[in-house]
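Enquirer: missing the sequence, but the structure's below:
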Ligand SMILES: Nc1ncnc2c1ncn2[C@@H]1O[C@H](COP(=O)(O)OP(=O)(O)OP(=O)(O)O)[C@@H](O)[C@H]1O
Ligand SMILES: Nc1nc2c(c(=O)[nH]1)N=C(CO)CN2
């Protein structure tokens, strides 16, 4: 990936843990590197095909002057969010925020924080078999889009499926989504759990009836395991009700552990 870089942007602002920093203010120096393909702009010589570094500098000034933060960590995070949320073509950013005049009692050239943030692509599985099933799946899409850090980018057809897993219950409506998100996997889990809760989801029977179930199937090519979260979803490759809608929007996507594409995994189910 190419990059567009801003080095040494000076902004006078009032961030800091100490009161004198908030009152007097000081100089901050910002470096930004944006991962963006510049080839189309380079071939056409057209600014509309690129990211205008002047407007990025304005945006950084606004972030740093509109509010005061205690930590340069927060300043860096806010700058990264602003850039990733404003410029669709920017896939990732590195941001460094330096304080050359930091009030410490020893000589330092600068103190600084550097962060790297990027847009993540994740795939979610949706299911409902209580009430107005289609409305619950639509609600999931609306609520995900309401989240500042998340955008639904593709939606599969919703398909009627028989219950899988041995519990006698009504048929499901299932679908899959592709999302773009700045959230970490754990943040995304909290977001989807909150949406399930808002849909009146109760956990009474394992694999039992539900108004709305949202599973995180894939998140970039990440393999992640914690007490509460396993990515890729541990059952996804066995489930026709996941693989059929997922193959509509990401048939080419390769499962990071099994090494097969979603379409191949689905074809494999037919043979069993
Ligand atoms: N990839 C994942 N996506 C969503 N939840 C997950 C994932 N991995 C682990 N979990 C955990 O599973 C817990 C139980 O989820 P839930 O009650 O929706 O299970 P289920 O829908 O009955 O079964 P399944 O997840 O096999 O479809 C969640 O609270 C969450 O902590
Ligand atoms: N057809 C179908 N069967 C299921 C489903 C589901 O979404 N669709 N979800 C389950 C647990 O998450 C258990 N069984």
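Expert: Happy to help now that I have it. All figures in this text were calculated on a predicted structure; none of them were measured in a lab. Ligands and ions are numbered 1, 2, ... in the order given.

Enquirer: for whichever residue of the chain sits closest to ligand 2, which non-adjacent residue is spatially closest?
Expert: As assessed by CB to the nearest ligand atom, ligand 2 sits closest to residue 127 within the chain, at 2.6 Å. C-beta coordinates here come from the backbone N, C-alpha and C atoms, glycine included. In space, and not counting its chain neighbours, residue 127 is closest to residue 213: 4.3 Å by CB to CB, 6 or more residues apart in numbering.

Enquirer: count the neighbours of residue 154 for me.
Expert: Other residues near residue 154 come to 14 when the count uses other CB atoms under 10 Å.

Enquirer: please look at the residue nearest to residue 127 and residue 203 and confirm they touch.
Expert: No - Residue 213 is beyond contact range of residue 203, at 9.9 Å (criterion: CB atoms under 8 Å).

Enquirer: looking at these two, which one has more neighbours?
Expert: residue 213 (21 against 9).

Enquirer: which residues does the more buried one contact?
Expert: Taking CB atoms under 8 Å, 6 or more residues apart in numbering, we find residue 213 in contact with 125, 126, 127, 128, 196, 201.

Enquirer: how far away is the fourth one from ligand 1?
Expert: What that stands for is residue 128. Using CB to the nearest ligand atom, to the nearest Å, one obtains 11 Å as the distance from residue 128 to ligand 1.

Enquirer: might one say that that residue is in contact with residue 201?
Expert: No - contact criterion CB under 8 Å: residue 128 and residue 201 do not qualify, at 9.4 Å.

Enquirer: what do these two both touch?
Expert: Both residue 128 and residue 201 are contacted by 210, 211, 212, 213, under the criterion CB under 8 Å, 6+ apart.

Enquirer: need those residues in a markdown table (columns: distance to residue 179).
Expert: A markdown table is the format used below for those (distance: CB to CB, whole Å):
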| residue | distance to residue 179 |
| --- | --- |
| 210 | 20 |
| 211 | 20 |
| 212 | 16 |
| 213 | 16 |
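
Enquirer: before we move on, back to that, so for the residue nearest to residue 127, what's the pLDDT?
Expert: According to the prediction, residue 213 has pLDDT 96.

Enquirer: so residue 82: helix, strand or coil?
Expert: helix (DSSP: H, G, I helix; E, B strand; the rest coil).

Enquirer: which residues does it contact?
Expert: Counted by CB under 8 Å, 6+ apart, residue 82 has contacts 59, 60, 63.

Enquirer: close to ligand 1: what parts of the stretch 151-272 of the chain are there?
Expert: The stretch 151-272 of the chain comes close to ligand 1 at residues 189, 193, 203, 206-207, 213, 215-216, 228-231, 233, 235, as judged by CB under 6 Å from any ligand atom.

Enquirer: tally of neighbours for residue 55?
Expert: Neighbour count for residue 55, taken as other CB under 10 Å: 11.

Enquirer: what residues are bridge-paired with residue 216?
Expert: Bridge pairing for residue 216 (DSSP bridges) gives the partners residue 124.

Enquirer: that one and residue 191 touch, don't they?
Expert: No - counting by CB under 8 Å, residue 216 does not reach residue 191; the two are 9.8 Å apart.

Enquirer: residues in contact with the spatially most central residue of the chain?
Expert: Centroid-nearest residue in the chain: residue 181, 1.8 Å away (criterion: CA atoms, centre = their mean). Shown in contact with residue 181 (CB under 8 Å, 6+ apart): 119, 120, 122, 147, 149, 150, 151, 188.

Enquirer: show me which of those residues is closest to ligand 1.
Expert: Nearest to ligand 1 among the contacts of residue 181, with distances taken as CB to the nearest ligand atom, is residue 188, at 8.7 Å.

Enquirer: for the helix or strand harbouring that closest one, packing partners?
Expert: Under DSSP states H and E, the secondary-structure element containing residue 188 is helix 185-198. Applying 3 or more CB pairs under 8 Å, 6 or more residues apart in numbering; DSSP states H and E, one finds that helix 185-198 contacts helix 133-146, strand 213-219.

Enquirer: make it 10 Å
Expert: Applying 3 or more CB pairs under 10 Å, 6 or more residues apart in numbering; DSSP states H and E, one finds that helix 185-198 contacts strand 120-128, helix 133-146, strand 150-155, strand 172-181, strand 213-219, strand 230-231.

Enquirer: hang on, the earlier thing: looking at the residues of the stretch 151-272 of the chain next to ligand 1, which gets the smallest pLDDT?
Expert: residue 203 (77).
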